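Enquirer: Okay, sequence plus prediction incoming.
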Amino acid sequence: AQSVTQLGSHVSVSEGALVLLRCNYSSSVPPYLFWYVQYPNQGLQLLLKYTSAATLVKGINGFEAEFKKSETSFHLTKPSAHMRDAAEYFCAVSEMNRDDKIIFGKGTRLHILP
Amino acid sequence: DAGVTQSPTHLIKTRGQQVTLRCSPKSGHDTVSWYQQALGQGPQFIFQYYEEEERQRGNFPDRFSGHQFPNYSSELNVNALLLGDSALYLCASSHKAGGPPYEQYFGPGTRLTVT
């Protein structure tokens, strides 16, 4: 069965500092991996996705994530945080070529300190 | 190009009542998935509709049912509401013919409060 673990329900970084949100997954088959962002009172927006091509995936708003099979990780990073990055971030997994049901982690709320 | 739309945006119901939530998929999409997001949690998959049939189902009771119409829009019905059904209900649409990973586009959600 698939699962996603996000380390840290809350993460605080200073504006301009590196953002690192951690995600580990479990899947019995090669996975598709996703990061979504949710701003207050809004739906989910796809930041980036891994679909078995390049292991370093670049997304919108300056975010990127690296797929590491040996560590079963898909951590999200951004070199320099902006105030507008404050939101809830969800890591998610689906099973490649099997179905498109998405399993989400519990989320990490990112706080940006001025 | 209209994205995924959901109605209503907010809803307040009483325990035991029934509720219907509606979703219109993004233009060109043929598949609709429903998710429940409880406060402080990640979204949980309820079920998915494609070609007017339920194709996959998550771990939700039969009180949760749905329908997909010929124009690909969808409804989520919940019977005998419980306090624990209070959540944000998200609809996501995708295009099966486009092949995996079937990128899902999410709507803004319907906030259901059960009192």
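Expert: Thanks, I have it. Source: prediction; values computed, not measured.

Enquirer: where exactly do the strands run in chain A?
Expert: For chain A, strands defined by DSSP state E occupy the ranges A:3-7, A:10-14, A:19-26, A:31-38, A:44-50, A:56-58, A:64-68, A:73-78, A:87-95, A:103-104, A:108-113.

Enquirer: do the same with chain B
Expert: Under the criterion DSSP E, chain B contains strands at B:5-7, B:10-13, B:19-24, B:31-37, B:44-50, B:53-57, B:64-68, B:74-78, B:87-94, B:105-106, B:110-114.

Enquirer: Return the set of residues that bridge with the residue positioned nearest the centre of chain A.
Expert: Geometric centre of chain A, nearest residue: A:Trp35, 3.4 Å, by C-alpha atoms, centre = their mean. Beta-bridge partners of A:Trp35, counted by DSSP bridges, are A:Leu48, A:Cys91.

Enquirer: So which residues on chain B come close to chain A?
Expert: Listed as neighbours of chain A in chain B under the rule C-beta under 8 Å from any C-beta of the partner chain: B:4, B:31, B:33, B:35, B:40-45, B:48, B:56, B:58, B:90, B:92, B:94, B:96, B:100-109. Every C-beta, even on glycine, is put in place using the N, C-alpha and C of the backbone.

Enquirer: 6 Å instead, please
Expert: For chain B, the contact set with chain A under C-beta under 6 Å from any C-beta of the partner chain comprises B:41-43, B:45, B:56, B:90, B:100-102, B:106-109.

Enquirer: which among these end up buried?
Expert: Among the residues of chain B next to chain A, those buried by neighbour count (16 or more other C-beta atoms under 10 Å in any protein chain shown) are B:42-43, B:45, B:90, B:100-102, B:106-109.

Enquirer: pLDDT and distance to A:Thr77 added to the residues you listed, as a markdown table?
Expert: Putting these into a markdown table (pLDDT from 0 to 100; distance: C-beta to C-beta, whole Å) gives the following:
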| residue | pLDDT | distance to A:Thr77 |
| --- | --- | --- |
| B:Gly42 | 93 | 20 |
| B:Pro43 | 95 | 23 |
| B:Phe45 | 94 | 27 |
| B:Leu90 | 96 | 26 |
| B:Pro100 | 72 | 26 |
| B:Pro101 | 68 | 22 |
| B:Tyr102 | 75 | 26 |
| B:Phe106 | 91 | 23 |
| B:Gly107 | 93 | 28 |
| B:Pro108 | 92 | 28 |
| B:Gly109 | 94 | 28 |
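
Enquirer: And the residues you listed, which is closest to A:Ile60?
Expert: Nearest to A:Ile60 out of those is B:Phe106 (C-beta to C-beta; 14.6 Å).
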